[in-house]
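Novice: need a 3D model of the sequence below.
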Amino acid sequence: MPEIAQLLTGYEPLNKAAFSCCGAEQFNTKLNELARQQVLLCGIEAHVCIYQTAVDLLRKGYYVDVIADAVSSRTLENKQIGLERMAADRINISCVEMALFELLKTAEHERFKQIAKLIK
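Specialist: Next comes the predicted model:
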């Protein structure tokens with residue numbers, strides 16, 4: 001989507017055929033290069049791609065948060081089933097606002113006011 005692509009200058013999208021992102025070697029390589037242990041997931045088809053990616057990342061030892069208000073499915077029922085299944089599988093379900101404030105940690109963060117304006 002052009003609206004999203006314009007915000008991600010300098011990043012190239014990764015093509016995948018597997019439902020799980022972990023089925024794409026290029027994804028695994030990029031993720032390893034980041035040397036992070038926490039992954040925030042958002043995207044489409046919560047009950048398929050997001051679910052399978054979250055499960056695979058959890059199995060690899062990552063701490064996974066699925067951002068519920070930043071995932072979708074073709075139907076609301078499929079999204080809800082996907083989120084419920086992930087929660088049952090001990091995958092954290094979060095929301096954009098919660099994730100942002102967890103990242104900031106304090107109202108004294110230099111970007112606090114900027115982020116607060118975005119979510120209100």
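Novice: how about the helices in the protein?
Specialist: 2-5, 25-34, 51-59, 76-88, 96-104, 112-119 (DSSP state H).
Novice: out of those helices, indicate the one that is most buried.
Specialist: helix 51-59 (a mean of 20; mean count of other CB atoms under 10 Å). Yep, even glycine has a C-beta here, placed from its N, CA and C like the rest.
Novice: can you report phi and psi for the most far-flung residue of the chain relative to its centre?
Specialist: When each C-alpha in the chain is compared with the mean C-alpha position (CA atoms, centre = their mean), Glu108 comes out farthest, at 25.5 Å. The phi and psi values for Glu108, taken as degrees, to the nearest 10, are phi -90, psi 0.
Novice: can you add distance to Cys42 and mean pLDDT and give the helices of the chain back as CSV?
Specialist: Listed next are the helices of the chain as CSV, based on distance: least, CB to CB, whole Å; pLDDT from 0 to 100:
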stretch, distance to Cys42, mean pLDDT
helix 2-5, 11, 83
helix 25-34, 15, 94
helix 51-59, 11, 98
helix 76-88, 12, 97
helix 96-104, 8, 92
helix 112-119, 15, 88
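Novice: which one of those helices lies nearest to Asp69?
Specialist: helix 96-104 (5.5 Å; CB to CB).
Novice: what does that closest one contact?
Specialist: Here helix 96-104 makes contact (CB atoms under 8 Å, 6 or more residues apart in numbering) with Leu40, Asp65, Ile67, Asp69, Ala70, Ser94, Arg111, Phe112, Ile115, Ile119.
Novice: quick check on the residues you listed: which are buried?
Specialist: If you count burial by 16 or more other CB atoms under 10 Å, the buried members of those come out as Leu40, Asp65, Ile67, Ala70, Ser94.
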